[in-house]
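Novice: Sequence first, predicted coordinates after that:
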Amino acid sequence: MMTITAKINKWNPDKAIISRAAEILRSGGLVAFPTETVYGLGADALNSEAVRKIYEAKGRPSDNPLILHVYNMAQAESLVFMNDIARKLAKIFWPGPLTFVLPAREIIPLRTRGGLETAAVRMPDNPVALALIEAANIPIAAPSANLSGRPSPTDSQSVYQDMNGRIDFILDGGNTEVGIESTVIDLSNPEKILMLRPGGMSREIIEEAVNMKLQVPDNTSKKRSPGTRYKHYSPSIPVKILRRDKDINIPANSGFMGLSNLENENFAERIIFDDIANYAHGLFSGFRKFEHENLACIFVEWPEENSGISEGLRDRILRAAGDFV
């Protein structure tokens, strides 16, 4: 398979390019496209054979559900049983980096939802993504557009690096804005909303909107979200967590990412971010940069605060290092 890349203006998507990508999706092919979080690897969510190609291209476990991307509320209502709290949150936060898990309608193939009775759905905040979904006139199932377990791609070059020869088409809409995946909440029981996966939208802003605390899921509930059961987001070299309260032994030829300068430490390469948002935005691209430089190890500074996007950042760091429950 030859993978074609087409550059497209984010704010004024070329209709001919969008139409070409939409036709590939309708024909059962795979198209990578930008969202506000990371690049997604899209297929027709209602075509079980097309969805199988996603799992095959990524080497993704078949029990790991996919997020369905929609361009309006009517499309979301056709896929899952929306309740009042879901409609309220959609009105406030969609389009945006917030995914709802809700009871699935039978129209969604079991393969798309990882064999579960629920499905995950969101509306991406990216003009290219919305134009593509609308032109295809189908919900698009789309995990991140990388080999399973690898750092998620925040630019088209990273997609091409992992997916060349595995997918049909890449829409190059430039760098993504958020840099980590969407927050996933389970709204199946409106009286007990579960935080399944922290991400690009903070827990605090959601809790303020619903006037209740988001609950911790059990192991069964957690399986309703992608990105919660396996080692994820990892480059081909080891990732080590650097905590300020612990002494560290730095191997030669190691890299560092974080908020602190650490001038006295013997790192071969450093990426210093000026705030938490930029840290989250640059985490995955930093992993890939250090990987290309053949460093022996990557040290990532542990964000001490656990609010805002830092909760999602901490989750990605833990999973990249393989240090999770």
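Specialist: Yep, it's here.

Novice: All the helices of the stretch 1-150 of the chain, in order from the start?
Specialist: 15-26, 48-58, 73-77, 84-93, 127-136 (DSSP state H, counting those that start in this stretch).

Novice: which one of those helices has the most crowded surroundings?
Specialist: Stretch with highest mean neighbour count among those: helix 127-136 (a mean of 23; mean count of other Cβ atoms under 10 Å). For glycine as for every other residue, the C-beta is placed from the backbone atoms N, C-alpha and C.

Novice: Now do it against helix 15-26, angle only.
Specialist: On the basis of axes from the mean of the first three to the mean of the last three Cα atoms, to 10 degrees, helix 127-136 is oriented at 60 degrees to helix 15-26.

Novice: ok, residues contacting stretch 12-30?
Specialist: For stretch 12-30, the external contacting residues (Cβ atoms under 8 Å, 6 or more residues apart in numbering) are 6, 8, 31, 33, 41-44, 47, 49-50, 53-54, 57, 127-128, 131-132, 135-138, 140, 166-169, 171, 173.

Novice: Could you say which helix or strand holds the nearest residue to Val178 once chain neighbours are set aside?
Specialist: With Cβ to Cβ, 6 or more residues apart in numbering as the measure, Gly200 is the residue that lies nearest to Val178, at 4.1 Å, once sequence neighbours are left out. Secondary-structure element containing Gly200, defined by DSSP states H and E: none, the residue being outside all helices and strands.

Novice: mind checking how far Gly200 is from Ala57?
Specialist: Separation of Gly200 from Ala57 (Cβ to Cβ, to the nearest Å) stands at 24 Å.

Novice: List the buried residues for stretch 112-126?
Specialist: Going by neighbour count (16 or more other Cβ atoms under 10 Å), the buried part of stretch 112-126 is 112-114, 116, 118-126.

Novice: Can I get that stretch in PDB, CA atoms only?
Specialist: Listed in PDB are the C-alpha atoms of stretch 112-126, where the atom choice follows Å, rounded to 0.1, in the frame of the first residue of the first chain:
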ATOM      1  CA  THR A 112     -15.700  -0.800  17.100                       C
ATOM      2  CA  ARG A 113     -16.700  -0.800  20.800                       C
ATOM      3  CA  GLY A 114     -14.200  -3.500  21.700                       C
ATOM      4  CA  GLY A 115     -17.000  -6.000  22.400                       C
ATOM      5  CA  LEU A 116     -18.600  -3.800  25.100                       C
ATOM      6  CA  GLU A 117     -22.200  -2.600  25.600                       C
ATOM      7  CA  THR A 118     -21.000   1.000  25.800                       C
ATOM      8  CA  ALA A 119     -19.400   3.200  23.200                       C
ATOM      9  CA  ALA A 120     -17.100   6.300  23.400                       C
ATOM     10  CA  VAL A 121     -18.100   9.400  21.400                       C
ATOM     11  CA  ARG A 122     -16.700  12.900  21.000                       C
ATOM     12  CA  MET A 123     -16.800  16.000  18.700                       C
ATOM     13  CA  PRO A 124     -13.300  17.100  17.900                       C
ATOM     14  CA  ASP A 125     -12.400  20.800  17.900                       C
ATOM     15  CA  ASN A 126     -10.600  21.000  14.600                       C
END
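
Novice: Good, wrapping up.
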